[in-house]
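Peer 1: What follows is a predicted protein model with its sequence.
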Amino acid sequence: LDMIEELDVFPHNLAVGSPVIVDDLLFTVTGNGVDEGHITIPAPFAPSFIAVNKNTGELVWESAAPGTKILHGSWSNPAYGVIGGVPQVVFPGGDGWLYSFEPETGKELWRFDCNPKDSKWALGGQGTRNNIVSTPVIYEGKVYIGVGQDPEHGEGVGHFYAIDATKRGDITESGVVWRVSEGDFGDSDAFHRTISTAAIQDDIVYIADLSGFLYAFDANTGEHFWTYDTFAAVWGSPYVADGKVYLGDEDGDGIVLRAGREMEEIAEMNLGNAVYGAPVAANGALYI
């Protein structure tokens, strides 16, 4: 399926994420975005999110939800889950909103603005409104997501949300279970922009920000357990396995912490090059 030729998609940076496949449906973000001058959106009504028959490539439904409000591009991944008995596919929009759809029909279930209403977008990352680069994580009826920008835009104000995905309509206000933002724990523990995806186990959320801090929160209440400073930028995501939390940073360090409410560093080793991805464990081995 040639999305540029057949759907008029204009991808910005060609940095599209990965598809999610559920039964015979494949869901993917198209990458629709602004032009190279970062001024106009060449195809505002082209789809930013599509559902495709995985066997035939036939377009089942499409959404241009962000429309003319795309900030920069669309680079995240969708997530699928059954919440309150209702299947949902969650799309991170290029306007900084999360959208949830019925997987079979594309009917919108809810939408959530992941930025404060007074936030402003500005070229080069100088504004306070952010994109969604992270992948939504669905856990116990809630969706967990952080906001950020292209790492080339530098550090800035960030937000991380736990959202009640059982609600319907515009749930920007009603859907907030908890939120953390820059400065919530004092200047030394400010939550910044993030492009990382959260890891959740045993009701503890582990999330890193671009500034190099790894946080642990209570998944239900948002209680802040601890913060670990890597002293380097973090592009990748934390990974939990075997009772440990693994994370890599831009300085090439691989960090191993004890999973839990108390912070305990087990090991740190340099891998000889920057780590931009998330570690993955399989069959007793860790791959980075």
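Peer 2: Arrived safely. What you are looking at is a predicted structure, and each value in this text was computed from that prediction instead of being measured. Residues are numbered from 1 along each chain as shown.
Peer 1: okay, now R179: neighbour count?
Peer 2: R179 has 15 neighbours, counted by other Cβ atoms under 10 Å. All C-beta atoms are positioned from the backbone trio N, CA, C, and that covers glycine.
Peer 1: What helix or strand is it located in?
Peer 2: Remark: R179 resides in strand 176-181, with elements defined by DSSP states H and E.
Peer 1: so what does that strand touch, helix or strand wise?
Peer 2: Helices and strands touching strand 176-181, as assessed by 3 or more Cβ pairs under 8 Å, 6 or more residues apart in numbering; DSSP states H and E, comprise strand 159-164.
Peer 1: Leaving out the residues flanking it, which one is nearest to K107?
Peer 2: Nearest non-adjacent residue to K107, counting by Cβ to Cβ, 6 or more residues apart in numbering: F101, 6.4 Å away.
Peer 1: I'd say that neighbour and W110 touch.
Peer 2: No - assessed by Cβ atoms under 8 Å, F101 is found out of contact with W110, at 9.3 Å.
Peer 1: Report the angle between the strand holding R179 and strand 159-164.
Peer 2: 170 degrees (axes from the mean of the first three to the mean of the last three Cα atoms, to 10 degrees).
Peer 1: quick revisit: report the contact partners of the residue nearest to K107.
Peer 2: For F101, the contacting residues are F49, S63, Q88, V89, F91, K107, E108, L109, by Cβ atoms under 8 Å, 6 or more residues apart in numbering.
Peer 1: do the same with G156
Peer 2: By Cβ under 8 Å, 6+ apart, G156 lies in contact with G125, T128, N130, Q149, H192, R193.
Peer 1: quick one: it from D150, how far?
Peer 2: 11 Å (Cβ to Cβ, to the nearest Å).
Peer 1: Overlap in contacts, the two.
Peer 2: Listed as contacting both G156 and D150 by Cβ under 8 Å, 6+ apart are G125.
Peer 1: now, which of the contacts of G156 lie within strands?
Peer 2: Using DSSP state E, no member of the contacts of G156 sits in strands.
Peer 1: what are the ranges of the helices in the protein?
Peer 2: With helices called from DSSP state H, the chain shows them at 3-7.
Peer 1: farthest residue from the center of it?
Peer 2: Distance from the centre of the chain peaks at T56, with 28.9 Å (Cα atoms, centre = their mean).
Peer 1: which residues in the stretch 1-150 of the chain form strands?
Peer 2: Per DSSP state E, counting those that start in this stretch, the stretch 1-150 of the chain carries strands over the ranges 20-22, 25-29, 49-53, 59-63, 79-83, 86-92, 97-101, 108-113, 137-139, 142-146.
Peer 1: Please identify the deepest-packed of these.
Peer 2: strand 142-146 (a mean of 25; mean count of other Cβ atoms under 10 Å).
Peer 1: relative to strand 97-101, how tilted is that strand?
Peer 2: 150 degrees.
Peer 1: distance between the ends of stretch 32-39?
Peer 2: Stretch 32-39 has an end-to-end distance of 14 Å (Cα to Cα, to the nearest Å).
Peer 1: Residues touching it, excluding its own?
Peer 2: With Cβ under 8 Å, 6+ apart as the test, stretch 32-39 has contacts from 9-13, 40-43, 46-48, 64, 66, 70-74, 94, 123.
Peer 1: From those, list just the buried residues.
Peer 2: Among the contacts of stretch 32-39, those classed as buried by 16 or more other Cβ atoms under 10 Å are 9-12, 41, 43, 46-48, 64, 66, 70-74, 94.
Peer 1: which regions of the stretch 151-288 of the chain lie under the pLDDT threshold?
Peer 2: 182-189 (pLDDT under 70).
Peer 1: Now do the strands in it.
Peer 2: Assigned by DSSP E, counting those that start in this stretch, the stretch 151-288 of the chain shows strands spanning 159-164, 169-170, 176-181, 199-201, 204-208, 213-218, 224-229, 239-241, 244-248, 253-258, 265-270, 280-282, 285-287.
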